[in-house]
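1. Let's see this in three dimensions:
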Amino acid sequence: MLRPWEIKIQLNNDSDKAIYLQIADAIVKDIHSGRLKPGVALPGSRHLSQLLNVNRNTIVEALQVLNNEGWLTTKERQGTFVADTLPAFNKEQKATAAIGEKKGTIQKRYHIEFDDGHPDSKMAPITALARAYRQIFNLKGKWQMMGYGSEFGNDEFRKQVAQLLNHQRGMQVDTHHICVTRGSQMATYLTAQCLFTKGDLVMVENPGYKPAWKAIESTGAQLLPINVDQDGLLIEEVSACLKRYKNRVKAIYVTPHRQYPTTVTLSLSRRLALIKLSNEHQFTIIEDDYDNEFHFGYRPILPLSSFRELQHYVYIGTMSKVVAPALRIGYLASRDTSLIEKIGALRKIIDVQGDSIMEQAVLQLIKDGTIKRHIKKATAHYKDKRDFTAVLLDKYLKDKATFHIPDGGLAYWIVPKKQPDWAIISEKLQRKGIKITTPDNYSFGTNVNGLRVGYGSLSQRELEEGIIALSKYLD
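-> Now for the predicted structure:
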């Protein structure tokens with residue numbers, strides 16, 4: 001196959017920018033200029049490494065970056081090509097975005113969005129999932145699958161979830177302890193509706209996850225904020241709440257593995273203390289383990305729900321970050337079977353059953369090892385991106401903010417050394433087509449001096465541009 005592109009890449013070994021990024025940027029520049037057009041084939045990695053006199057692995061890294069960003073596409077047994085649809089965001093689009101923000105139009109467009117830790121949807125195993133979905137319709141008895149199923153979810157899928165929780169997260173649950181939901185938010189809502197009534201008191205982390213707070217408040221329950229420090233939830237404040245309100249506290253909603261939004265892990269001593277208080281005062285621990293899979297250390301911290309002595313808990317997890325955000329499959333687990341039955345009955349009223357076909361397709365990917373391989377690949381990808389983000393933060397925000405490198409997850413928590421006006425910073429960034437989630441979206445009543453910066457869904461180029469822009473507005 002002819003590859004007519006004339007290579008003109010000048011590499012600078014003294015530059016702060018890695019060689020593979022210099023190569024990636026040069027290819028993008030040629031795409032922008034029109035020298036490389038959509039559908040054009042690139043030379044093979046071996047040939048490129050010889051022409052540029054660099055290690056082939058460096059070329060592979062550069063091509064992988066561009067594949068992840070959507071500039072290139074790889075076709076099996078054919079090679080690497082410039083993508084037919086490019087992720088370009090030209091000056092006219094940037095101007096439109098800024099004007100739309102200024103005029104308050106409904107359609108807001110950004111070319112960089114610092115979300116709260118979304119995965120990279122371009123990494124999703126879409127081809128494998130589509131193949132599994134099609135195969136299900138070729139099975140014998142396929143017409144039987146088109147009828148109504150269980151409100152608790154597909155039995156085989158529930159069994160697999162139970163095995164996962166037992167083998168990988170140290171829990172002791174069975175199929176009848178599991179209810180599959182359309183994402184973790186539905187799991188939180190169903191749990192709240194079945195546990196709380198008007199006037200009940202529920203403790204929550206501050207700062208914390210407001211969508212969960214809204215689900216709890218929809219029952220008429222009142223929230224009690226518990227502050228968080230570098231070791232997680234402040235247990236002395238939990239004790240004070242329990243003493244003050246006696247038997248009125250029904251539950252606590254927590255994210256102990258990587259606290260949302262600060263990413264800190266609840267220390268072992270505080271975990272044990274919280275479990276003891278839960279048993280003594282008979283309140284339920286609602287544990288949201290929203291990104292357990294992506295861990296870069298030795299192993300993930302086991303959930304609170306894995307402690308055998310814990311009497312009252314609801315454990316919430318999701319497959320959405322593992323496969324793709326658009327795939328709405330979550331689940332909840334509890335050894336309180338009467339609660340599970342109640343949740344199933346409520347779920348049947350609002351959503352007769354889940355997506356049984358999709359559950360079976362994901363189940364197939366779990367059984368054939370696709371999900372395991374994807375998690376391994378994605379974890380390595382996100383670890384590299386986490387480390388790259390750490391370099392950027394140290395380079396551009398070292399004198400302006402503090403941060404710690406998280407052991408997992410897809411976000412950083414950045415704390416400015418001086419309290420900024422986040423509303424003004426957000427407005428200035430919007431004019432540049434950059435979106436942040438201001439701290440008031442995490443806090444209970446008072447403002448929080450911190451910013452959650454998701455890096456998983458952004459390219460290295462977007463991360464650098466966004467962090468440079470942020471650094472200009474922090475004192």
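2. can you list contacts of the helix or strand harbouring C241?
-> Assignment of secondary structure by DSSP states H and E places C241 within helix 235-245. Here helix 235-245 makes contact (CB atoms under 8 Å, 6 or more residues apart in numbering) with 201, 203, 224, 226-227, 249, 252, 270, 273-274, 277, 281, 283. Where you see a C-beta, it was placed from the backbone N, CA and C, and this is true even at glycine.
3. Enumerate the positions of the helix or strand following that helix that are buried.
-> Beyond helix 235-245 on the C-terminal side, the first helix or strand identified by DSSP H and E is strand 249-254. Within strand 249-254, the residues scored as buried using 16 or more other CB atoms under 10 Å are 249-254.
4. ok, now stretch 459-474?
-> By neighbour count with 16+ other CB under 10 Å, stretch 459-474 contains the buried residues 459-467, 469-471, 473-474.
5. Burial check on the closest residue to P211 other than its chain neighbours, number of neighbours?
-> Spatial nearest neighbour of P211, excluding adjacent residues (CB to CB, 6 or more residues apart in numbering): Q185 at 5.9 Å. Applying other CB atoms under 10 Å, we find 20 residues neighbouring Q185.
6. pretty sure Q185 contacts Y209?
-> No - counting by CB atoms under 8 Å, Q185 stays clear of Y209, with 9.7 Å between them.
7. from what I can see K417 touches K400, true?
-> Yes - the criterion here is CB under 8 Å, and K417 meets it with K400 at 6.1 Å.
8. okay, these two: which has more neighbours?
-> For K417 and K400, the more surrounded residue by other CB under 10 Å is K400, and the numbers stand at 18 against 13.
9. Kindly state the pLDDT recorded for that one?
-> For K400, the model assigns a pLDDT of 95.
10. Can you give me the separation between it and Y455?
-> 18 Å (CB to CB, to the nearest Å).
11. Next up, the contacts around G183.
-> Listed by CB under 8 Å, 6+ apart, the contact set of G183 reads 318, 320, 328-330.
12. Between those residues, which sits nearest Y290?
-> Closest approach between the contacts of G183 and Y290, by CB to CB: T318, at 6.4 Å.
13. The closest one: neighbour count?
-> 25.
14. Kindly report the same for V362.
-> 25.
15. so it sits right up against M319, yeah?
-> Yes - the pair V362 and M319 qualifies as a contact (CB under 8 Å) at a distance of 6.2 Å.
16. Could you tell me which residues touch both of these two?
-> Counting by CB under 8 Å, 6+ apart, the common neighbours of V362 and M319 are 327, 329.
17. Which residues in the helix holding C241 does the neighbour count mark as buried?
-> 235, 237-238, 241-242.
18. Just put these in JSON lines and tack on distance to T181.
-> Formatted as JSON lines, those follow (distance: CB to CB, whole Å):
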{"residue": "I235", "distance to T181": "30"}
{"residue": "E237", "distance to T181": "30"}
{"residue": "V238", "distance to T181": "27"}
{"residue": "C241", "distance to T181": "29"}
{"residue": "L242", "distance to T181": "29"}
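19. Tell me the one among those nearest to I23.
-> Nearest to I23 among these: I235, at 51.1 Å, using CB to CB.
20. Work out the gap between stretch 316-331 and the centre of the chain.
-> How far stretch 316-331 lies from its chain's middle: 9 Å, per CA atoms, centre = their mean, to the nearest Å.
21. Low-confidence ranges, this structure, go.
-> 1-7, 15-17, 86-109, 139-148, 446 (pLDDT under 70).
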